[in-house]
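K.L.:
what would the 3D arrangement of this be:
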Amino acid sequence: MSKKVTPYKDSELGKKEQVTQMFDTISKDYDGLNRVISFGIDVKWRKRVVQILKDKKPKSILDIATGTGDLAIALTTTGAERIVGLDISPGMLEVGRDKIKDRKLDQTIDMVVGDSENLEFEDNSFDAATVAFGVRNFENLEKGLQEIHRVLKPGGGLVILETSVPTKTPYKQGYHLYCRYLLPTIGKIFSKDRSAYAYLSESASKFPHGQAFNNILGKIGFIGIENMPQTFGVASIYVATK
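P.N.:
Residues are numbered from 1 along each chain as shown. Model (predicted):
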């Protein structure tokens, strides 16, 4: 079993607590840094997630690891009547609530503090669930996915956007150079938390992707599983059904 990747290697806190601390610390810088480190392509990836769900016409959506609410805000164009953005970091949610208020979307989007591995919702509560760049931060991946499966209605759709590792030359080599050198350097220059972006690059490179992640979703009980590599394979969109 590979060693668990955590933000602060000398911390006595568990991964969940470390992730909360990390995102609280970088919450004010997060949106701008996201645009920089992805060269703005993350916006296009989120639009693809939204388009997938538009076809399913969900009335209720749970956006897990919502962060500052970028995906939750974009999901309003699906026509969903209720969107719950859930995150473990109060700091990220605070930034998100301001964005939602500015866009007058408070009647549609509810931002709540919550643990993805212990969701405080009834079984079969949502028509759809989304996670953008969040599943690799779960302390217990399978438990988090089981919770998502539990709160989805039968036939409900799950769409996950997550980093992955390119398999083809030269994209694979370029990706490793980017993660090893450029991403931590950007974090050091622009972020208050130098460990955060080193963690984000390390966790991205070690997280199961492609067929390996498909297999985990299948083990949980999801069906109709597809994964769609994005931009030479540096990210993937996973689609599954309960």
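
K.L.:
where do the helices of this structure begin and end?
P.N.:
Along the chain, counting by DSSP state H, helices occupy 15-26, 30-37, 41-54, 70-75, 90-102, 141-151, 171-177, 183-190, 194-206, 211-220.

K.L.:
mind giving me the packing neighbours of the longest one?
P.N.:
Think helix 41-54. helix 30-37, helix 70-75, strand 126-132, strand 152-163, strand 223-230, strand 235-241 (3 or more CB pairs under 8 Å, 6 or more residues apart in numbering; DSSP states H and E). (Each C-beta comes from the backbone N, C-alpha and C, glycine too.)

K.L.:
which of these sits closest to residue 171?
P.N.:
With CB to CB as the measure, strand 223-230 is the member of the helices and strands packed on helix 41-54 nearest residue 171 (10.2 Å).

K.L.:
between the helices of the chain, which has the poorest mean confidence score?
P.N.:
Lowest mean pLDDT within the helices of the chain: helix 183-190, a mean of 72.

K.L.:
and the contacts of that helix?
P.N.:
Contacts with helix 183-190, where a contact means CB atoms under 8 Å, 6 or more residues apart in numbering, come from 29, 32, 33, 36, 37, 193, 194, 196, 197, 198, 200, 201.

K.L.:
wait, which of the helices and strands packed on helix 41-54 is closest to residue 143?
P.N.:
Of these, nearest to residue 143 by CB to CB is strand 126-132, at 13.8 Å.

K.L.:
name every strand pairing with that closest one and say which way it goes.
P.N.:
Counting by DSSP bridges, the strands paired with strand 126-132 are strand 60-64 (parallel), strand 152-163 (parallel).

K.L.:
show residues contacting it.
P.N.:
By CB under 8 Å, 6+ apart, strand 126-132 touches 45-46, 49, 53, 56, 58-65, 67, 70-71, 75, 80, 84, 116, 148, 151-153, 156-162.

K.L.:
among the residues you listed, which ones are buried?
P.N.:
45-46, 49, 53, 56, 58, 60-65, 67, 70-71, 75, 80, 84, 116, 148, 151-153, 156-162 (16 or more other CB atoms under 10 Å).

K.L.:
what is the burial count for residue 130?
P.N.:
Residue neighbour count, defined by other CB atoms under 10 Å, stands at 30 for residue 130.

K.L.:
ok, what's across the strand from it?
P.N.:
Beta-bridge partners of residue 130, as defined by DSSP bridges: residue 63, residue 159.

K.L.:
how close does it get to residue 199?
P.N.:
Applying CB to CB, to the nearest Å, the value for residue 130 to residue 199 is 23 Å.

K.L.:
OK, contacts around residue 229?
P.N.:
Residue 229 neighbours (CB under 8 Å, 6+ apart): 164, 210, 235, 236.
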